[in-house]
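In: how would this look folded up:
(2 chains)
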Amino acid sequence: MKKFLVMFLLAVSVFLVAETLVIKGSNTVFPIAQLWIEEFKKVHPDVQVTLEGAGSSTGIAALFNGTTDIANSSRWLKPEEIERMNKEGKYFIPFLIGFDGIAIIVNKDLGIDDISIETLKKIYTGEIQYWSQVNPNLPRKRIVVYSRNTASGTYETFESKVLGGARMAPYVRMVESTQIEIENVARNPYAIAYVGVGYVTDDVKVLKVNGIYPTKENILKGKYPIARPLFMFVDATNGFPEMGSLVFEFIMFAFSKKGQELVEKAGYVAAYGQ
Amino acid sequence: MIFVFSISGILALFLLVFFLVKEAWPALVKVGGELFTSVYWYPTADPPEYGMLAMIAGTLLLTAFSSAILLPLGYLVAFFLHTYARDLEKSLVRTTVEFLAGTPSVIIGLFVLFYVAPILLHFDVWSTENFLLAAIGLVLTALPYSVSLSLEALDSVDIALEESALALGATRFITTLRVTTRAALSGILNAFVLTINRVVGETMIVLMVGGGAAIIPRSLFDPVKPLTAAIASEIGEVAVGSMHYHVLFAAGFILLVLSLVLTGLSRYISRRQTG
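Out: Here you go, the predicted structure:
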């Protein structure tokens, strides 16, 4: 009984002492953060980390409420958010953690190598429905258009960078995973889809967009048009996260060689050490 | 003890319905008619549009089409098994059917996606996930239900009834068609309703091979996105408490109402049959 009590107290004290780190935000950054946490826990086994992917806006809102330590974001702050920061006397600092490039893929047998943003927009909004309208040399076949579903961060980027506010045609297939997109494009000679660069396989063909391939270099130099930076935001109202604090440690880990390798492993382009 | 168990079961059911209605309520109140009259499903656009008409129509059309194949087929197989099949054949078919019933629908979805869909490409069909494939998948998953439930209904008819009919000179075909079927009618109708309910609620297959485009299908080869697919596809990543979230619950609510109506219908029919 005594032994049990001691054990119990020990367990409770460990639980009380255990530090917690809360991370919320972007779905796009989610897979990176997940890999980081797995690795981070190896070094800090007693740390409790919770990760929630509810969207960039939700993450930043949580930062305002103080319900998260780190807000993942696949976009820069919106003007309203900056205004709110000024009003509430808060100061958030960004950490650039990587880049996300979106590759346009088609079937290997389709005789096309290059596509313009303009054409892409027409395909996704339904203005163009046949491949022959893209290029007279292509067969007069209906374009089978795939998109990630609306919950996806990739979808958001595509929507803002390619569609520019226009709406996708209702017949565009909204699929649950990038894997499904790739498989369908590999099988169907007249399909088109967009996926994060990290996911591209040899079964499909990546198109140049406006004449530029989504290589790491082109993404990093900003030449490739459908790319964006990814961030972590931290509240620095009371100063930069203290050295040795959990937030500091986590961010430093994210910037480490290992951390940046994990960014690539998650399918994105690392920001540092290139 | 039994009382406690049954009460907790009923309680769980009521809680489920309560939860569904509670979460769907904001959508029904704030979005209202647009849910049922608009075909524009842009839940994350700015401003968002929450028209579920295309998905409701997709659900209904897909259910109607699959049922039109399923129910007669299920009845015919049950008819054969009941009337003509020898014991060996009967047990063979039964085992196969039960095995099929136990197959997870995701496996059937994979089968359709990888073995049936590529065939369509040879016929110059523009999309490899479409209404027809979803219907094929649904028939494969729900056929076992329709067969075993219909067979059960036919088999439960008093043997004396059939023997009298046969003794009066009716052929076995006529006996099963006119005597047994009539006696088992409420059971068969119940089997039909349960099968349709299964089709309405099936999610995995329509998600995998339906095509996921929210349009009202105008041909067998158009993609379709029933309500179940929309919920499964989108609920995972919507912000809890957002309007999109509530609207997806409203979709679940519509499915529940549909299923309740079907169940009520079967109750009504069987009561009229027996009463």
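In: what does the pLDDT read for the residue nearest the centre of chain B?
Out: Residue closest to the mean C-alpha point of chain B, counted by Cα atoms, centre = their mean, is B:Val199 at 1.3 Å. Confidence at B:Val199, expressed as pLDDT, is 92.
In: I'd say A:Glu261 and A:Ala270 touch.
Out: Yes. The pair A:Glu261 / A:Ala270 is scored as a contact, 7.2 Å apart, by Cβ atoms under 8 Å. The way it works is simple: take the backbone N, C-alpha and C, and place the C-beta from them, glycine included.
In: re earlier: so what's the residue nearest to the centre of chain B up against?
Out: B:Leu62, B:Thr63, B:Ser66, B:Ser67, B:Leu70, B:Leu138, B:Ala142 (Cβ atoms under 8 Å, 6 or more residues apart in numbering or on different chains).
In: any idea how far it is from B:Val39?
Out: The gap separating B:Val199 from B:Val39 is 23 Å, by Cβ to Cβ, to the nearest Å.
In: what element comes up after the helix or strand B:Phe3 falls within heading to the C-terminus?
Out: Element membership for B:Phe3 (DSSP states H and E) is helix B:2-30. Using DSSP H and E, the helix or strand that follows helix B:2-30 towards the C-terminus is helix B:34-37.
In: what average pLDDT does the helix or strand following that following helix get?
Out: Remark: after helix B:34-37, the chain's next helix or strand is strand B:41-42, criterion DSSP H and E. For strand B:41-42, mean pLDDT rounds to 86.
In: paired strands for strand B:41-42, with orientation please.
Out: Here strand B:41-42 is paired, per DSSP bridges, with strand B:49-50 (antiparallel).
In: tell me which other helices or strands the next helix or strand after the partner strand touches.
Out: Sequence order places helix B:53-83 as the next helix or strand after strand B:49-50, per DSSP H and E. Here helix B:53-83 touches helix B:34-37, helix B:87-102, helix B:131-155, helix B:185-201, helix B:227-234, helix B:243-274, going by 3 or more Cβ pairs under 8 Å, 6 or more residues apart in numbering or on different chains; DSSP states H and E.
In: enumerate the positions of helix B:53-83 that are buried.
Out: B:53-59, B:61-63, B:65-67, B:69-71, B:74-75, B:77-83 (16 or more other Cβ atoms under 10 Å in any protein chain shown).
In: and what of stretch B:161-176?
Out: For stretch B:161-176, the neighbour count (16+ other Cβ under 10 Å) marks B:Glu162, B:Ala165, B:Ala170, B:Thr175, B:Thr176 as buried.
In: of these, which is the nearest to chain A?
Out: B:Thr176 (45.4 Å; Cβ to the nearest Cβ).
In: quick check: closest non-adjacent residue to that closest one.
Out: Spatial nearest neighbour of B:Thr176, excluding adjacent residues (Cβ to Cβ, 6 or more residues apart in numbering or on different chains): B:Thr83 at 4.4 Å.
In: dump the residue contacts of that neighbour.
Out: Here B:Thr83 is in contact with B:Arg172, B:Phe173, B:Thr175, B:Thr176 (Cβ under 8 Å, 6+ apart).
In: so the first one sits against B:Glu163, correct?
Out: No. In this structure, B:Arg172 is not within contact of B:Glu163 by Cβ under 8 Å, at 11.3 Å.
In: and the one helix or strand A:Asn86 maps to, anywhere near chain B?
Out: Assigned by DSSP H and E, A:Asn86 belongs to helix A:79-88. No. Using Cβ under 8 Å from any Cβ of the partner chain, helix A:79-88 never reaches chain B; the gap is at least 12.9 Å.
In: buried stuff in that helix?
Out: So, applying 16+ other Cβ under 10 Å, buried residues of helix A:79-88: A:Glu81, A:Met85.
In: okay, it in PDB with CA atoms only?
Out: Output in PDB follows, covering the C-alpha atoms of helix A:79-88 (Å, rounded to 0.1, in the frame of the first residue of the first chain):
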ATOM      1  CA  PRO A  79      -4.300  43.300 -42.600                       C
ATOM      2  CA  GLU A  80      -7.100  42.800 -40.100                       C
ATOM      3  CA  GLU A  81      -4.800  40.700 -37.900                       C
ATOM      4  CA  ILE A  82      -2.000  43.300 -38.000                       C
ATOM      5  CA  GLU A  83      -4.600  45.900 -37.100                       C
ATOM      6  CA  ARG A  84      -5.800  43.800 -34.200                       C
ATOM      7  CA  MET A  85      -2.200  43.400 -33.000                       C
ATOM      8  CA  ASN A  86      -1.700  47.100 -32.900                       C
ATOM      9  CA  LYS A  87      -5.000  47.600 -31.100                       C
ATOM     10  CA  GLU A  88      -4.300  45.000 -28.500                       C
END
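In: same for that helix, what does it pack against?
Out: helix A:56-65.
In: the next helix or strand along the chain from the helix holding A:Asn86: how far from the chain's middle?
Out: Moving toward the C-terminus from helix A:79-88, the next helix or strand (DSSP H and E) is strand A:92-107. Remark: strand A:92-107 is offset 6 Å from the chain centroid, using Cα atoms, centre = their mean, to the nearest Å.
In: how about the residues of the stretch 151-274 of chain A near chain B?
Out: Counting by Cβ under 8 Å from any Cβ, the stretch 151-274 of chain A comes close to chain B at A:151-152, A:155-156, A:167, A:170-176, A:184, A:187-190.
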